[in-house]
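In: Give me a 3D structure for the following:
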Amino acid sequence: MSLSWDPWADGKTKVFASWGRFYDKIFLRSLTLEQGPDSVTRVYQFEPRGVDDYGIPNNRIGKPLFQSPLSMTAVDRSLKTPYSVEGTIGAQREISPEMSVSIRYVTRDYHDQLQDVDVNHRLEIDPATGRPADRIGEAKCDPTCSNNSNGVADLYVENFYFNRILLLGNPNEQTYRGWEFELVRRLHRKWQMEASYTYSIARGDAESYL
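Out: Below is the predicted model:
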């Protein structure tokens, strides 16, 4: 929706405003991540000989020391299509023959942006401090063993059969606010000079859901 008005009806001034809602499309690969394969992290012992005990080449990768549980991706069944709401208001004035200046204010709000969140790890709030709990840290034994906090918030696992469970949903939001100033002058032989300046601020949760 848009509106344009010439307040003095002289063809030299224009006041305008517009509003619109724009829907994006969901990239298919965002959904196919749920199909796997699920990933796992392994640490192997270094084998300098380049062969195992049976003489089979192993590219110097020895026996596995440990491996993490599987990490998987899931898609929220109430996933929505991202969209943005844009509004513009401004004015344009011809200050001399063949020269005009304009100013406009632009606002854009992006809603339901995609983001994957690890739902298998959680923070616990310490009721004494109101901040994330830090009870697990470096274990020191001198001569008795004790656990000391290390200044890093603890992550607690919900399901030990999995490592990360990334749930793809719509938790992200982003805002854009901008002022635009423009000068246009028509020249000879179909040439035109245009100069503009934009001051804007954008705030959001993430640039990409990955």
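In: export the lowest-mean-pLDDT helix or strand in the chain as PDB, just CAs?
Out: When each helix and strand of the chain is scored by mean pLDDT, DSSP states H and E, strand 138-141 comes last, with a mean of 73. Provided in PDB are the C-alpha atoms of strand 138-141 (Å, rounded to 0.1, in the frame of the first residue of the first chain):
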ATOM      1  CA  GLU A 138      38.900 -28.000  36.900                       C
ATOM      2  CA  ALA A 139      39.500 -31.000  39.200                       C
ATOM      3  CA  LYS A 140      42.500 -30.600  41.500                       C
ATOM      4  CA  CYS A 141      44.100 -33.200  43.700                       C
END
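In: pull the CA atoms of the first helix or strand past that strand going along the chain into CSV?
Out: On the C-terminal side of strand 138-141, the nearest following helix or strand under DSSP states H and E is strand 145-148. Below are the C-alpha coordinates for strand 145-148, written out as CSV (Å, rounded to 0.1, in the frame of the first residue of the first chain):
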residue,chain,number,x,y,z
CYS,A,145,40.6,-34.2,45.0
SER,A,146,38.1,-31.3,44.8
ASN,A,147,36.2,-29.6,42.0
ASN,A,148,36.7,-25.9,41.5
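In: hmm, who's touching strand 145-148?
Out: 135-140 (CB atoms under 8 Å, 6 or more residues apart in numbering). C-betas here are computed from N, CA, C, even on glycine.
In: again with stretch 34-47
Out: With CB under 8 Å, 6+ apart as the test, stretch 34-47 has contacts from 58, 60-75, 163, 168.
In: ok, now with 6 Å
Out: 58, 60-68, 70-75 (CB atoms under 6 Å, 6 or more residues apart in numbering).
In: quick one: average confidence on it?
Out: The average of the pLDDT scores along stretch 34-47 is 88.
In: circling back to that earlier point, drop anything exposed from the contacts of strand 145-148.
Out: For those, a burial check counting by 16 or more other CB atoms under 10 Å picks out nothing.
In: Make CSV from these and add distance to Leu123 to it.
Out: Below are those laid out as CSV (distance: CB to CB, whole Å):
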residue, distance to Leu123
Arg135, 12
Ile136, 12
Gly137, 15
Glu138, 19
Ala139, 21
Lys140, 24
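In: Sheet partners, orientation included, of the least confident helix or strand of the chain?
Out: When sheet partners are counted by DSSP bridges, strand 138-141 sits next to strand 145-148 (antiparallel).
In: Can you name every helix or strand that the following helix or strand past the partner strand contacts?
Out: The first helix or strand that comes after strand 145-148 along the chain, using DSSP H and E, is strand 156-157. Here strand 156-157 touches no other helix or strand, going by 3 or more CB pairs under 6 Å, 6 or more residues apart in numbering; DSSP states H and E.
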